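Chemist: the amino acid sequence is not available; the structure is as follows:
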């Protein structure tokens, strides 16, 4: 019996062939791998995720996911944001292997290996595709920077420490 093996033709096909749970993102058609997050990063991500997930579930607003979870914007951009919120009217975008479309909210906990992407290319894609709110948390200081989309452009909203003040969800998440 002869086995035929087909090489992937695109970076998306390479990305899709990686083992489940691989910390890799496709950013502007480049595979970007990163090490496991720090303990502080994981503690903050877990705390913020629990607060957000509990709130949206209790209020029947949609669902939330924590990384690694693939968000497919297009064939050249598949990200694994730390936390995403998908409003119930967009639940149909969720497939077995990730979200195919735009999440309503993205939260990134910054780390040395990913910060330049979170503040640069990924932020630009989030804005381009209409993410309604984008939050970045600096884990050591717990400083929070937020953006809300207005007229297809991210506009900064009040910076805080240890708190996400979501306009989209009309709720403050204190971590």
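Modeler: Ah, there it is. Source: prediction; values computed, not measured.

Chemist: residue 27 touches residue 81, doesn't it?
Modeler: No. Residue 27 is not in contact with residue 81 according to Cβ atoms under 8 Å; the separation is 11.8 Å. (Each C-beta comes from the backbone N, C-alpha and C, glycine too.)

Chemist: now stretch 106-120: average pLDDT?
Modeler: Averaging pLDDT along stretch 106-120 yields 96.

Chemist: now the end-to-end length of it.
Modeler: End-to-end distance of stretch 106-120: 14 Å, with Cα to Cα, to the nearest Å as the criterion.

Chemist: any buried residues in that stretch, and which?
Modeler: Going by neighbour count (16 or more other Cβ atoms under 10 Å), the buried part of stretch 106-120 is 106-111, 114, 117-118.

Chemist: name the next helix or strand downstream of the longest helix seen in the chain, please.
Modeler: Longest helix of the chain, by residue count under DSSP state H: helix 39-58. Following helix 39-58 in sequence order, the next helix or strand is strand 62-66 (DSSP states H and E).

Chemist: need phi/psi at the residue positioned nearest the centre of the chain.
Modeler: Nearest to the mean C-alpha position of the chain, counting by Cα atoms, centre = their mean, stands residue 81 at 2.2 Å. Phi and psi for residue 81, reported as degrees, to the nearest 10, are phi -60, psi 160.

Chemist: ok, it - contacts?
Modeler: Counting by Cβ atoms under 8 Å, 6 or more residues apart in numbering, residue 81 touches 67, 69, 71, 103, 106-108, 122.
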